[in-house]
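Engineer: show me the folded form of this:
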Amino acid sequence: MDVSKYTSPDHCLVELIPWNDAYRNGQPVVSDAVYDQLWDKLEELVEASEQFGGGGDPEVMRGRAFLNQIGAPVPAKSPWEKRAHQAPMLSLNKARNPDEFKAWGAKHKGQQSAVSPRFVVSDKCDGISLRVHYLDGKMFMALTRGDEDPQTGKQMGEDITRNVLKMQGVKGFIKGFSGWIRAEIVLTKADWKRYFPEYTNARNGAGGKAKDQKGDRTEHLTVLHYEIHRDNSGPIPTKRAQYKIMEALGLATPNWYECNTVAEIIALYEEYVAGKREALAYDIDGLVVEFNDANVMERMGVHGRGPDGAVAIKFPSDRADTPLQDIVWQVGGTGRITPVAIFTSVLLAGANVSRASMHNLDLMADMLRPSKRDAFAKGDTILVTRRGDVIPQVEALTKPLAKPSDAEWLRSPTKCPSCGSKLKRDGKFLLCVHEECPAQYAGSMSRWVKKLGIKEWGDSIIIAIYDAGMAKDPADLYSLDVAKVAALEMESGSKIGRRADIAIKNLRAQMNMPLHVFVGALGIPLMARSMCQKLVEAGYDTLGKMQNATVAELGSIPGMGTRKAKSFVGGMVKHRDVLDRLLKAGITIKAPNNGPLKGINFCLTGVRDAALQERIEENGGIVKGGVGKSTRFLICKDPNGTSGKLKKARGYGTMLLSLEDAWDLVGGR
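Structural biologist: Modelled structure (predicted):
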């Protein structure tokens, strides 16, 4: 975002005030990165004016008041009763990166304390702030953070007690306790996907449902507690003791850690960025660092919006607004056409991203619906994320271009971008049905080597081979001449060279494969490897049986249905020639395995290990995509996680295995 055009505090506030209100009420309209950029610009303008004697200017005072405010005003028309907080719910000052955190640490290096550890670090949950009050053991009030009432000067929140009592992780009664506890309402990733698919992310789901007047589905929200205050018994001496007390009371808390140095905290931060954050059951946007000693915290006081003895280290942004430059329509190996957005590069979760799939026509229509348009335009502002800090995703059209010209519209194509044939609509997708389409030939070869996990076969090599007329389907790959492939030039201008020998050797080293792998790599629509495995289990355990199966027979198999059955029967007819030539090239089908794991069903969640899956199948085991009554083992990253698969597994009594345990079961790596 270009913030140079904002030249006054009021100019910034015109944007920031509605953005702030929307964010605090669970419906953000811009990314955190854009919000933070304009916040920083307002801070810069206010501080510059104050430095040069303009602190009494009404505009500067408005800017400073906004910067110092906590939370967002309770909506004037809110149906929830408004109540005053007994003490302000302070926010946190932030460090936008490790360098800013190091500066914070250096600034407070002289703070002395005999308490160990020096710091407590916890997950900064991305949810809705809450303070829960108890009297003689009973929860009697749960208030959102809200904001200061300009008339009374008191901080006012909304009393959503009846909804909070239904949420997970809370206690409606804590024997003998009077006081308050600060917490965050979150929606776990698993519960978001299962119960709230209508929301674009978990935070929006938490914000949208926490204050639902009917309490609809609020039992699927979770409350994580991170600060406790006991009435009439003096302050709790350390942050560590607070967490220990809350855990002893049976209250859910975020992850927390004990650290003694800034270097330890930086190392922990780097662990989170490298993958620990992605593996969490809930979304977080940073880590909270606090001095453990309550006396030190009190001595340091408050600076800006929060205590000087605490700071939030923000993670690299995982969402940003950016201008849309183009939409490219890519033809896949099955003829299905996928729209891919090309946009001005943005830094998301530590990586530069400039393109992301828009998946299909229905999702595009959903994003366009609020604008009442039927197409995107070059120059539209879109919200882009990296889901799980990995996969780029276009989430929304946030600011449509005003009055696009004819040249700026980016409408769906009517002809195939690869062969020029007329396209047809197939459900939510566009489809090229021309059998001689070049993109489908290259796509079928690319899919084959990828599904079989054969190394060194990048798309650049496959395209070069196809363009040279050496191969047009997977069977042709087995008759390639190494020297001729090595001499080919790729799009980058470099020759394939010695990679040709490695790639072809890898290909020929995997000539013996299970039937479901062989057929699943063909790319028949709706028939991935797991579905082909289902056919084998149903008795279609030879290629001949699969080729002779009818739609009626296959449609009666549980989990198949008529649509998949038609796709499979049609696909086997279409690929009959390729199948015959693959067998003539030397491909052999492994006999059904009678190994020690024969008939035992496995499933994986939170881990990906192709080598382990292959070893399980070599030993006769079956790897399935979901958990059912017949699943014997669920291989998981975190046995204490809350994913849907883990919940099902616990309900069925399925045995949980770590990755290492699973490898031990199949004889070691």
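Engineer: give me the below-cutoff pLDDT ranges for the stretch 301-450 of the chain.
Structural biologist: Scanning the stretch 301-450 of the chain with the threshold set as pLDDT under 70 gives 304-305, 317, 333-334, 349-351, 387-391, 435.
Engineer: just the stretch 51-200 of the chain next, same as before
Structural biologist: Judged by pLDDT under 70, the stretches of the stretch 51-200 of the chain that qualify are 51-58, 65, 68-78, 148-151, 153, 200.
Engineer: those strands in it, which residues are they?
Structural biologist: Secondary structure of the stretch 51-200 of the chain (DSSP state E, counting those that start in this stretch): strands located at 82-84, 94-95, 119-125, 128-135, 138-144, 147-148, 155-158, 179-186.
Engineer: and the fourth one, what's buried?
Structural biologist: Neighbour-count burial for strand 128-135 flags 128-134 (criterion: 16 or more other C-beta atoms under 10 Å). Just so you know, the C-beta spots here come from the backbone N, C-alpha and C atoms, and that holds for glycine as well.
Engineer: what's the helix or strand Q547 falls within packed up against?
Structural biologist: Taking DSSP states H and E as the criterion, Q547 maps to helix 543-548. Contacting helix 543-548 under the criterion 3 or more C-beta pairs under 8 Å, 6 or more residues apart in numbering; DSSP states H and E are the following elements: helix 515-520, helix 561-574, helix 576-584.
Engineer: point out the one among those helices that comes closest to L423.
Structural biologist: Closest to L423 of the helices and strands packed on helix 543-548 is helix 561-574 (C-beta to C-beta; 18.8 Å).
Engineer: which stretch among the strands of the stretch 51-200 of the chain is buried most, on average?
Structural biologist: Among those, strand 179-186 has the highest mean neighbour count (mean count of other C-beta atoms under 10 Å), at a mean of 24.
Engineer: what sits up against that strand?
Structural biologist: 86, 89, 125-134, 164, 167, 170, 202-203, 206, 210, 221-231, 246, 251, 254, 282-283 (C-beta atoms under 8 Å, 6 or more residues apart in numbering).
Engineer: apply 6 Å and report the result again.
Structural biologist: Outside strand 179-186, the residues that touch it by C-beta atoms under 6 Å, 6 or more residues apart in numbering are 125, 127-128, 130-133, 206, 210, 221-225, 227-231, 282.
Engineer: and that strand, which strands flank it?
Structural biologist: In the sheet, strand 179-186 lines up against strand 128-135 (antiparallel), strand 222-230 (antiparallel) (DSSP bridges).
Engineer: what's the angle from that strand to strand 138-144?
Structural biologist: Calculated by axes from the mean of the first three to the mean of the last three C-alpha atoms, to 10 degrees, strand 179-186 forms an angle of 50 degrees with strand 138-144.
Engineer: what's the angle from strand 179-186 to strand 119-125?
Structural biologist: Going by the same axes, to 10 degrees, strand 179-186 makes 50 degrees with strand 119-125.
Engineer: for strand 179-186, C-alpha coordinates in PDB please.
Structural biologist: Extracted as PDB, the C-alpha positions of strand 179-186 are listed here (Å, rounded to 0.1, in the frame of the first residue of the first chain):
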ATOM      1  CA  GLY A 179     -12.100 -12.400  40.400                       C
ATOM      2  CA  TRP A 180     -11.700 -12.100  36.700                       C
ATOM      3  CA  ILE A 181      -9.800 -13.900  34.000                       C
ATOM      4  CA  ARG A 182      -8.700 -12.500  30.600                       C
ATOM      5  CA  ALA A 183      -9.200 -14.700  27.600                       C
ATOM      6  CA  GLU A 184      -9.500 -14.900  23.800                       C
ATOM      7  CA  ILE A 185     -12.400 -16.500  22.000                       C
ATOM      8  CA  VAL A 186     -11.100 -18.500  19.000                       C
END
